[in-house]
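Asks: Can you look at this prediction? I've put the sequence above it.
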Amino acid sequence: MKDIDSLASMYVCDSCCCGNTEKGHKEVPVNKLKIAWKKEKLDKKVNLIISNCLGYCSLHNVTMLKNGSKKTWIGKLNSREHFEAVITWAHSVAEFGNKAKLPNILVPHLFLPSDI
Ligand code: FES
């Protein structure tokens, strides 16, 4: 088994803007994600981190995958299907590492921090 520090990590922001329904943003399904990670045994291969602000609030809701030195950012996640696709993506990361395929539904949500 890999050391926990060498696992890929999925940072799902649920903070001041992301998931803040009082600001009119969509809820982040934190419990659903945690249950999926545990039930589908993703926790042994990809850390799920429900994070504080990742710094790109204008793109609420933001998720970032860190795998080694590679970071992949997605934003504007606003539907159940988007978060289900995050779970699918985690399965792909668990199996294929940096060669994992981002689900098609999430491709339009990719962003580069340098473009913000
Ligand atoms: S609250 Fe999520 S990026 Fe700031």
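Replies: Nice, I can see it. Everything quoted here is computed from the prediction, not taken from an experiment.

Asks: From here on, just use CA atoms for contacts and neighbour counts.
Replies: Fine.

Asks: out of all of them, which helix in the protein is the longest?
Replies: helix 80-96 (DSSP state H).

Asks: And it, what's buried?
Replies: H82, F83, E84, A85, V86, I87, W89, A90, H91, S92, V93, A94 (16 or more other CA atoms under 10 Å).

Asks: Also stretch 94-104?
Replies: Per 16+ other CA under 10 Å, stretch 94-104 contains these buried residues: A94, G97, L102.

Asks: And these, which is closest to K70?
Replies: For these, the closest approach to K70 (CA to CA) belongs to G97, at 10.6 Å.

Asks: What is the burial count for the residue lying closest to the closest one once chain neighbours are set aside?
Replies: Counting by CA to CA, 6 or more residues apart in numbering, G97 lies nearest to N67, which is 7.4 Å off, once chain neighbours are set aside. Neighbour count of N67, defined by other CA atoms under 10 Å: 17.

Asks: Roughly how far does N67 sit from M10?
Replies: 9 Å (CA to CA, to the nearest Å).
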